[in-house]
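1. Sequence plus the predicted model coming up.
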Amino acid sequence: MGLVLSAVFFASGASALIFETLWFRQAGLAFGNSIWASSLVLSGFMAGLALGNALAGRFGARLRHPVRVYAIAEAVIALTGVGLVYLFPALGAALAPLFRPLLDHPWTLNPLRLLIAFLLLLIPSTAMGVTLPLLTRALIRDEGSFGRVLGALYGWNTLGAMAGVVAGEMFLVGRFGIRGTALGAGGLNLLAAGIAGLFSAGPKGPALRTALPKGPALRSKDADRAGRVLLDPASARWLVAAFLSGFSLLALEVVWFRFLLLFVKGSSIAFPVMLGVVLAGIAAGGLVASLLMRLMPTAPRFAAVLAFAAAIAAVASYASFPRVIEPFGLMSITSADAILRISVPLMLPVSFVSGMFFPIVGAALRGGFGSEIETAGVLTLVNTIGAAIGSLIAGFLMLPLLGIEKTVFTIAAIYGVIGAVLSAGSERTRPALSIAVPTAAACIVALAMFPFGQLNDRLISIPVERFAEGEPERRLIAVHEGLTETIVFFQRMLLGKPVSDVMLTNSFSMSTTGYGVRRYQKLYVWWPVAVHPELKRALLIGYGVGTPRRRSPTPRALKRSIS
């Protein structure tokens with residue numbers, strides 16, 4: 001049964017990511033495509049996942065047939081997931097009169113958007129949130145198998161998510177359209193529901209255990225009161241680690257994608273390839289952790305070592321990036337294989353370690369709760385909340401305020417804090433000093449040697465030289481991290497004097513005062529006059545292109561204009 005349900009969970013993961021990408025496409029019709037609207041839709045989706053995790057943790061211990069409930073959840077995802085894809089376009093017209101008077105009042109509009117997005121995504125995302133705890137409970141056969149079952153299911157589901165995002169964005173939407181792809185994703189959920197339903201109708205698994213573990217964290221008297229558990233400091237440390245690891249990985253993901261857009265031309269294949277690398281690393285880490293816990297049941301003692309390793313990997317992957325990008329010269333990276341070649345060294349190591357970390361933390365946390373499903377539910381709840389907060393904090397605060405380099409350093413330091421917190425645990429959870437101490441020392445050295453200044457000194461020059469048109473003289477004026485892009489402003493020089501100004505948005509030139517551009521931009525204005533000679537006034541609306549003021553702005557003025 002384990003192999004079949006793992007395959008079912010693979011299909012469920014593929015469907016979940018396909019639906020998520022389709023919902024974001026369609027939600028733009030209802031909520032707008034601004035960074036605020038997209039982030040609020042994401043928050044609504046993550047809130048639904050967290051609610052599903054919480055419900056599984058609170059009430060899952062009472063279920064006699066978790067596989068049957070899992071089959072129902074998959075059927076609910078199929079029906080509501082497809083329904084939302086069809087609903088969002090019609091919803092846009094219905095919400096427009098409600099949103100229009102609030103456009104100048106973002107503190108009223110955005111909470112309203114968040115509430116509506118949460119209500120719309122509540123049923124399918126909540127159903128998605130309960131699936132991992134339910135299957136984990138169904139496949140447990142003994143007290144010591146929780147960690148490896150959790151790791152295997154987590155790995156297979158994430159591997160399916162990788163397949164779903166790559167196939168959906170790169171092939172299915174283009175061939176079958178949004179609605180056809182949604183029907184295909186719903187079919188995967190119904191297939192998973194059907195197979196799980198067959199298992200639930202067959203011979204029953206072992207009876208639900210009501211005996212509680214003797215861990216010091218538990219204060220309740222039976223499994224039905226599991227939601228009232230009081231945690232001891234050791235279990236609380238593991239939950240803090242789960243929260244911070246979710247926060248750190250999703251924050252890094254936001255930073256990685258922004259950073260890679262300095263070298264990768266944004267296209268329909270760029271995002272799924274980059275996201276696929278992250279998901280592949282997480283999946284591989286989960287599966288390796290499952291195997292490791294099968295061979296070495298004491299693996300949770302080394303969780304602190306993994307946290308220190310994640311910090312080292314975050315610093316090392318950024319520090320080595322100039323050597324990774326060097327073979328590509330000044331070319332704009334567009335092909336899938338080229339995107340893979342620069343994405344894998346940057347993102348895969350930390351993603352892999354984080355994938356290992358999640359089930360290992362779950363195995364260590366198991367003794368603090370009354371049942372396996374409660375443990376899985378609380379673990380995924382805390383990790384999901386951390387991930388949601390991490391993505392928002394990185395995009396809205398850390399990148400605009402700290403920039404790419406300081407944000408990477410801060411997140412690497414958070415991984416180091418996780419390792420320090422876990423190292424301070426009890427003897428039962430403390431890793432072997434022979435491994436933990438040198439790893440912690442290596443983490444401190446890596447943070448101390450972080451290559452601050454590498455972005456401006458060695459990397460920004462690549463998109464600048466690409467758009468300098470071979471001219472030998474250029475001067476970098478300013479680099480600014482905004483909410484949605486990295487802005488680079490530089491000047492082309494001749495004999496030490498500025499000839500033209502160029503502003504790059506990520507890696508693409510969106511505005512310049514070069515003679516050739518000024519020439520054809522003026523033609524846009526003269527075109528309506530040419531076709532209508534009696535015209536007295538004309539308004540030209542440009543979408544992201546144009547020529548800036550000729551007077552070169554100072555870095556401070558540039559920052560004000562972008563903000």
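-> Nice, thanks for sending it over.

2. shaky segments in the chain?
-> Across the chain, the ranges flagged by pLDDT under 70 are 1, 33-37, 142-143, 201-231, 425-433, 469-472, 542-563.

3. if we go to 50?
-> Residue ranges of the chain with pLDDT under 50: 203-229, 428-429, 549-563.

4. domain assignment for it?
-> According to automatic domain parsing, the chain comprises the domains 1-205, 232-456, 460-562.

5. Export these as TSV, with columns for mean neighbour count.
-> In short, each C-beta sits where N, CA and C put it, glycine included. Shown next, in TSV, are those (neighbours: other CB atoms under 10 Å):
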stretch	mean neighbour count
domain 1-205	20
domain 232-456	21
domain 460-562	15
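
6. Geometric centre of this protein: which residue is closest?
-> Centroid check for the chain by CA atoms, centre = their mean gives residue 250 as the closest residue, at 4.5 Å.

7. In contact with that one: list those residues for me.
-> 386, 387, 388, 390, 391, 394 (CB atoms under 8 Å, 6 or more residues apart in numbering).

8. Ok, residue 136 next?
-> Going by CB under 8 Å, 6+ apart, the list of residues near residue 136 reads 146, 149, 150, 153, 372, 373, 376.

9. so after the helix or strand residue 445 falls within, what's the next helix or strand?
-> Under DSSP states H and E, the secondary-structure element containing residue 445 is helix 433-448. With elements assigned by DSSP H and E, the helix or strand that comes after helix 433-448 is helix 454.

10. just checking, what packs against that next one?
-> Taking 3 or more CB pairs under 8 Å, 6 or more residues apart in numbering; DSSP states H and E as contact, there are no helices or strands that helix 454 lies on.

11. contacting residues around that helix?
-> 318, 319, 321, 322, 405.

12. these two touch, right, the last one and residue 452?
-> This means residue 405. Yes - if you go by CB atoms under 8 Å, residue 405 and residue 452 touch, sitting 5.8 Å apart.

13. wait, doesn't residue 154 sit right on residue 359?
-> Yes - between residue 154 and residue 359 there is a contact under CB under 8 Å: 5.7 Å.

14. intersection of neighbour lists for these two?
-> Shared contacts of residue 154 and residue 359, counting by CB under 8 Å, 6+ apart, come down to residue 286.

15. gap between the closest residue in space to residue 529 that isn't next to it in sequence and residue 524?
-> With CB to CB, 6 or more residues apart in numbering as the criterion, residue 529 has its nearest non-adjacent residue at 5.3 Å, and that residue is residue 535. The gap separating residue 535 from residue 524 is 14 Å, by CB to CB, to the nearest Å.

16. same thing with residue 179?
-> From residue 179 to residue 524 the distance is 37 Å (CB to CB).

17. cool, and residue 482?
-> Using CB to CB, residue 482 is found at 26 Å from residue 524.

18. related to what we said a few turns ago, nearest to residue 95, of the contacts of residue 250?
-> Using CB to CB, residue 388 comes nearest to residue 95 of those, at 23.4 Å.

19. Helices of the stretch 1-150 of the chain, residue ranges please.
-> 2-31, 35-59, 66-99, 106-139, 146-167 (DSSP state H, counting those that start in this stretch).

20. what's the first one packed up against?
-> The criterion is 3+ CB pairs under 8 Å, 6+ apart, and the helices and strands that helix 2-31 contacts are helix 35-59, helix 66-99, helix 106-139, helix 146-167, helix 173-201.

21. which residues touch residue 412?
-> 310, 311, 312, 314, 315, 446, 447, 450 are the contacts of residue 412 under CB under 8 Å, 6+ apart.

22. what helix or strand is it on?
-> Short version: residue 412 belongs to helix 399-423, going by DSSP H and E.

23. repeat for residue 254
-> Secondary structure (DSSP H and E) places residue 254 in helix 233-260.

24. For whichever helix or strand comes after that helix, what is the distance to the chain centroid?
-> Helices and strands here follow DSSP H and E; after helix 233-260, the next one along the chain is helix 270-295. Relative to the centre of its chain, helix 270-295 is centred 14 Å away, using CA atoms, centre = their mean, to the nearest Å.

25. what's helix 270-295 packed up against?
-> So helix 270-295, by 3+ CB pairs under 8 Å, 6+ apart, packs with helix 146-167, helix 233-260, helix 336-365.

26. what would these look like in TSV with distance to residue 9?
-> Listed next are these as TSV, based on distance: least, CB to CB, whole Å:
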stretch	distance to residue 9
helix 146-167	5
helix 233-260	20
helix 336-365	14
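
27. Skip the chain neighbours and tell me the closest residue to residue 383.
-> In space, residue 383 is closest to residue 246, 4.0 Å off (CB to CB, 6+ apart).

28. correct me, but that neighbour touches residue 385?
-> Yes - here residue 246 lies in contact with residue 385, judged by CB under 8 Å, at a distance of 7.3 Å.

29. quick one on the thing from earlier: angle of the helix holding residue 254 against helix 336-365?
-> Counting by axes from the mean of the first three to the mean of the last three CA atoms, to 10 degrees, helix 233-260 lies at 170 degrees to helix 336-365.

30. could you give the angle of helix 233-260 to helix 35-59?
-> Angle, helix 233-260 to helix 35-59, by the same axes, to 10 degrees: 150 degrees.

31. between helix 233-260 and helix 270-295, how many degrees?
-> Using the same axes, to 10 degrees, helix 233-260 lies at 150 degrees relative to helix 270-295.

32. Helix 233-260 vs helix 399-423, what angle?
-> Using the same axes, to 10 degrees: helix 233-260 against helix 399-423 is 150 degrees.

33. Now tabulate the helices of the stretch 1-150 of the chain in JSON lines and tack on distance to residue 175.
-> Listed next are the helices of the stretch 1-150 of the chain as JSON lines, based on distance: least, CB to CB, whole Å:
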{"stretch": "helix 2-31", "distance to residue 175": "13"}
{"stretch": "helix 35-59", "distance to residue 175": "25"}
{"stretch": "helix 66-99", "distance to residue 175": "16"}
{"stretch": "helix 106-139", "distance to residue 175": "24"}
{"stretch": "helix 146-167", "distance to residue 175": "10"}
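
34. Of those helices, which is nearest residue 496?
-> helix 35-59 (39.3 Å).

35. thinking residue 355 is in contact with residue 152, fair?
-> No - taking CB under 8 Å as the definition, residue 355 is not a contact partner of residue 152, at 11.9 Å.

36. Now do the shared contacts for the two.
-> residue 286.
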